[in-house]
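[1] Only the shape, not the letters, is given here:
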């Protein structure tokens with residue numbers, strides 16, 4: 001497998017839209033809402049996108065925050081996203097991150113109806129799924145994929161969205177029914 005692509009804002013945007021579509025969502029016209037660099041020592045960026053998102057009869061305008069950082073994602077990221085929803089004229093928030101989510105971040109997201117998705121190495125997902133021999137990857141394997149992060153009875157869990165059920169996993173974070 002070739003070297004993993006650098007996580008640029010453009011690459012992150014393409015990844016996020018691909019993963020939402022793969023989960024079963026229809027995505028409308030995507031617009032950049034905000035882009036900023038994270039302060040030291042984080043070394044990364046935040047890219048916010050707005051887009052109409054739908055699945056079956058469920059239709060909402062989403063504010064999608066893409067955080068590229070190494071440090072764990074704190075609760076402040078959820079609070080910040082929630083506070084920006086009205087300014088972006090968005091009804092739901094989705095937070096994608098390249099780093100792990102702190103326990104309080106997951107709790108805050110569930111209380112706020114914000115969906116959390118973590119970007120992971122595609123090889124990690126392939127190896128964890130038991131699809132083949134570890135360290136032997138098919139040419140079609142994407143460099144990155146995502147896992148939905150939530151809590152079930154206080155236990156944080158990260159699950160790969162499966163074809164056909166991925167949208168339901170994200171909709172559950174919003175408190176919406178999977179139509």
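    Received, thanks. Since the structure is predicted, the reported quantities are computational estimates derived from the model, not experimental observations.

[2] which is the next helix or strand following the worst-scoring helix or strand of the chain on mean pLDDT?
    The weakest-scoring helix or strand in the chain, judged by mean pLDDT, DSSP states H and E, is helix 122-128 (a mean of 67). Where DSSP states H and E defines the elements, the next helix or strand beyond helix 122-128 is strand 144-152.

[3] who's in contact with that next one?
    Residues outside strand 144-152 that contact it (CB atoms under 8 Å, 6 or more residues apart in numbering) are 4-5, 15, 19, 96, 101, 106-107, 109-110, 115-122, 125, 156-161, 166, 169-170, 172-173. Bear in mind the C-beta positions are built from the backbone N, C-alpha and C, glycine included.

[4] Show the buried residues in those.
    15, 19, 96, 101, 106-107, 109-110, 115-120, 122, 125, 156, 158, 161, 166, 169-170, 173 (16 or more other CB atoms under 10 Å).

[5] out of those residues, which are inside strands?
    Assignment to strands by DSSP state E places the following of these there: 96, 115-120, 156, 158.

[6] biggest helix in this structure by residues?
    Ranked by residue count, the top helix of the chain under DSSP state H comes out as helix 9-23.

[7] Angles on the backbone of residue 53, please.
    phi -130, psi 140 (degrees, to the nearest 10).

[8] any idea how far it lies from residue 92?
    The spacing between residue 53 and residue 92, counted by CB to CB, to the nearest Å, is 7 Å.

[9] Identify the contacts common to the two.
    With CB under 8 Å, 6+ apart as the test, residue 53 and residue 92 both reach 60-62.

[10] Alright, calling it a day.
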